[in-house]
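Colleague: got a structure for you, letters missing:
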């Protein structure tokens, strides 16, 4: 019995002493990096496509500025919201699917950063950052209040703005390809 | 990518900063986290899959990709390493559950089927000692519980939650696993 106990203690000690780390025989990072979904727009290397026509850029930036003012829709009334929860949540799910699909299709698209002036790049990135910050805040709030139709509608509004934003970037990208 | 001398293990505060940057979409920051934790995650996955090097690499990759996708859910209540470790264990266990389902009902598995389900092992080439070899030779569920409890320090309740088995089953599997390891070492 005592021997059993001793054996067990020795085994446990040996198990605790096992190395907690094990070196990989090859670097897995390239494979991992290739499968990471980009979370944010464009930091330098994603802006890989050719130049942009100045006129299109001006029109595009005007569109961005206009959207900034309309980023979030007006809240729905709480009373009406409580009766519409299932339909709003279904609409949110559909909106999320549409957005995620568009985002996945969108990320390979880019612009040639070298052909844009710093202000244009800052404006585009700044606008997208604003979208992402609003998105993060809304998703966090919806985690806490998943049935809240007001938040859900705000998210849908934001998704519509993001889809529109991506559509404009896509058009910009297509124009830049035609022009080069 | 060469991260230079800064890629050495940083202070905990730096890790939080890199996690924050990775959450914002900075893949270089996430690469730093990968460099810091891949050894630990690899050891876990390698043991959980019984020393199958190729499968362990797949699991490590999958764990980091899942971590990237779920990084927004990391709330900082534990360290990033603890969160990642738990996530990696879940990835490995999910993968094994899928593999086990392919060969039949998990409840009905005998040890022979479990061994088939884990695929070919390259344990003889890779194991550094008798103990690792004895662990790798354990039946699937016994090995899982032994690794998670005795090596990694999870509680039975946590193991039960991660594996879907009852707490009592986890304790029974641990008892069985220790016995089998001792027998293997005595041979």
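Modeller: Noted; the coordinates are in hand. Only a predicted model underlies this, so the values are computations on that prediction, with no experimental measurement involved. Numbering: from 1, shown residues only, chains lettered A, B, ... in the order given.

Colleague: which SS state does residue A:131 fall under?
Modeller: Following DSSP: H, G, I helix; E, B strand; the rest coil, we place residue A:131 in the helix state.

Colleague: Test my guess that it contacts residue A:158.
Modeller: Yes: in this structure, residue A:131 is within contact of residue A:158 by CB atoms under 8 Å, at 6.9 Å. Quick note: C-beta positions are derived from backbone N, CA and C, even for glycine.

Colleague: Point out the residues in chain B that sit beside chain A.
Modeller: Within chain B, the positions adjacent to chain A are B:1, B:23-27, B:30-31, B:34-35, B:38-40, B:42-43, B:46, B:53, B:57, B:60-61, B:64-65, B:68-69, B:72, B:131-132, B:146, B:150-151, B:178, B:181-182, B:185 by CB under 8 Å from any CB of the partner chain.

Colleague: Would you mind writing the ChimeraX command to select the buried ones in the residues you listed?
Modeller: Here is the ChimeraX selection string for the buried members of the residues of chain B next to chain A, based on 16 or more other CB atoms under 10 Å in any protein chain shown:
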select /B:23,25,26,27,30,31,34,35,38,39,40,42,43,46,53,57,60,61,64,65,68,131,132,146,150,151,178,181
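
Colleague: Around chain B, which positions in chain A sit nearby?
Modeller: Proximity of chain A to chain B, by CB under 8 Å from any CB, involves residues A:7-8, A:11-12, A:14-16, A:18-26, A:28-29, A:31-33, A:35-40, A:43, A:136, A:139.

Colleague: what's the distance between residue B:32 and chain A?
Modeller: Using CB to the nearest CB, to the nearest Å, residue B:32 is found at 10 Å from chain A.

Colleague: And the closest residue to that residue other than its chain neighbours, how close does it get to residue A:31?
Modeller: Among residues not flanking residue B:32 along the chain, residue B:18 sits closest, at 5.0 Å (CB to CB, 6 or more residues apart in numbering or on different chains). Here residue B:18 is placed at a distance of 20 Å from residue A:31 (CB to CB, to the nearest Å).

Colleague: next one: residue A:22
Modeller: When residue A:22 is compared with residue A:31 (using CB to CB), they lie 18 Å apart.

Colleague: So which of these two has more stuff around it?
Modeller: Between residue A:22 and residue A:31, residue A:22 has the larger neighbour count (other CB atoms under 10 Å in any protein chain shown), namely 22 against 15.

Colleague: which ones are touching the closest residue to that one other than its chain neighbours?
Modeller: Leaving aside its sequence neighbours, residue A:22 sits nearest to residue B:43 (CB to CB, 6+ apart; 3.8 Å). Residue B:43 sits next to A:19-22 when contact means CB atoms under 8 Å, 6 or more residues apart in numbering or on different chains.

Colleague: Which helix or strand contains residue 94?
Modeller: By default, I'm working from chain A. helix A:85-106 (DSSP states H and E).

Colleague: nope, chain B please
Modeller: helix B:80-103.

Colleague: What's the mean pLDDT across that helix?
Modeller: Helix B:80-103 comes out with an average pLDDT of 81.

Colleague: likewise stretch B:131-147?
Modeller: Mean pLDDT, stretch B:131-147: 93.

Colleague: Now that stretch: buried residues?
Modeller: Buried residues in stretch B:131-147, counted by 16+ other CB under 10 Å: B:131-147.

Colleague: Understood, closing this out.
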